[in-house]
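Peer 1: Fold the stuff below for me.
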Amino acid sequence: MINRQAFLFDKIGLKHVAALNWDGAVWRPLVIQILLGTEESGTFHATYSEQRVAPSSPWSLENLGAYHGNAGEALSGSIGKPFGQLWWNHIKASVSEKPIVWKPLEATGKRIVSFVVRVRPLDYDRAVSCPPIVTSEQEWSSVEIKADLDRGSGSRLTYYCPDSEAPEGTSESPTAPSGKIYCRRDAKGTLAWRPVLDHPCVFRCPENYTETDEGKSCVRFVDSETELGIFGAALVCEAEGASLAPIQSLKELTPITTDRLYYTAHVWSSGSLKPPLPPELSCQPLPDCKVNDDKDEKDIYDING
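Peer 2: Modelled structure (predicted):
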């Protein structure tokens, strides 16, 4: 059964919603919060920090501000459209027993069975709450969020990083998959999220691995012998959730021991190495690879033979 208790905009009318947004010709921003109850996964929420509806018919949606929540951002594509049409598309369909549409939740198979919509002035919201976290921005796009419904002092936002990244904020340990930020008052009494994050998740190499120059991958040189040659080396890497690595720069070769043979992802095929080596190295003729510097030539030994 669908809960229809909170048709706020139906009860007071779009004209009066617009009146809340304007003091004559002066815009009065509103914070709008939408609560979406699902059958099996509890309640999800979406908050927009600066809603603005045009002061006259057709009362187009002109602004939404920052999104905050765990329901997923679903309304920004409707800016410029009549607010009544927007309201029908997303929420009011339940009047006719059609499913309530909130695309991010719909995409994960969740069925919405109840909703509540509420608004309050932005000035009041700033006095009692931390600002919305703009979770629709790029740095949050791959981050799973678990945010308290309340943004008041003491509230918490937990974020979960992808496997290749680690949280920048506080976490249970340096390798923990999640981090937390908290709503705190500073010395002046202003509410803000702490700690301040440049990015919620940062690239971090596993233990015993070294970050490469471009900062997008990690390498480790393994000196142990393998009975199966390059296939055995590939299996050793696979056991660590890795793969044989290509040489991308001469600096990456610093840890190697020159009396050993190392297997890499480079393969001799059709008269050339694939992928190609960096320009500082040459492996022709095989099997010895040398640095292309006549003043300081150094054998590094071939990689796959």
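
Peer 1: Pull the number of nearby residues for residue 44.
Peer 2: Look at residue 44: counted by other CB atoms under 10 Å, it has 21 neighbours. C-betas here are computed from N, CA, C, even on glycine.

Peer 1: Equivalent analysis for residue 225, please.
Peer 2: Around residue 225 there are 9 residues (other CB under 10 Å).

Peer 1: May I have the distance across stretch 223-233, first residue to last?
Peer 2: 10 Å (CA to CA, to the nearest Å).

Peer 1: Buried residues, that stretch. List them.
Peer 2: In terms of neighbour count (16 or more other CB atoms under 10 Å), stretch 223-233 has its buried residues at 230, 233.

Peer 1: Give me the mean pLDDT for that stretch.
Peer 2: Stretch 223-233 carries an average pLDDT of 81.

Peer 1: same thing with stretch 280-288?
Peer 2: For stretch 280-288, mean pLDDT rounds to 61.

Peer 1: Could you do stretch 195-202 as well?
Peer 2: Across stretch 195-202, the average pLDDT comes to 81.

Peer 1: Show me the shaky parts of the stretch 51-200 of the chain.
Peer 2: Applying pLDDT under 70 to the stretch 51-200 of the chain flags the ranges 84-99, 134-141, 169-176.

Peer 1: the strands in it, which residues?
Peer 2: For the stretch 51-200 of the chain, the strands defined by DSSP state E, counting those that start in this stretch occupy 61-63, 67-69, 112-121, 144-147, 156-160, 165-167, 178-185, 191-194.

Peer 1: Of the ones you listed, which stretch is the most buried?
Peer 2: Highest mean neighbour count among the strands of the stretch 51-200 of the chain (mean count of other CB atoms under 10 Å): strand 67-69, with a mean of 24.

Peer 1: Against which helices or strands is that one packed?
Peer 2: Other helices and strands packing on strand 67-69, by 3 or more CB pairs under 8 Å, 6 or more residues apart in numbering; DSSP states H and E, are strand 43-53, strand 144-147.

Peer 1: Pull out the buried positions in the longest one.
Peer 2: In terms of neighbour count (16+ other CB under 10 Å), strand 43-53 has its buried residues at 44-53.

Peer 1: quick check: domain ranges of this structure?
Peer 2: Using automatic domain parsing, the domains assigned to the chain come out as 1-128, 130-204, 210-296.
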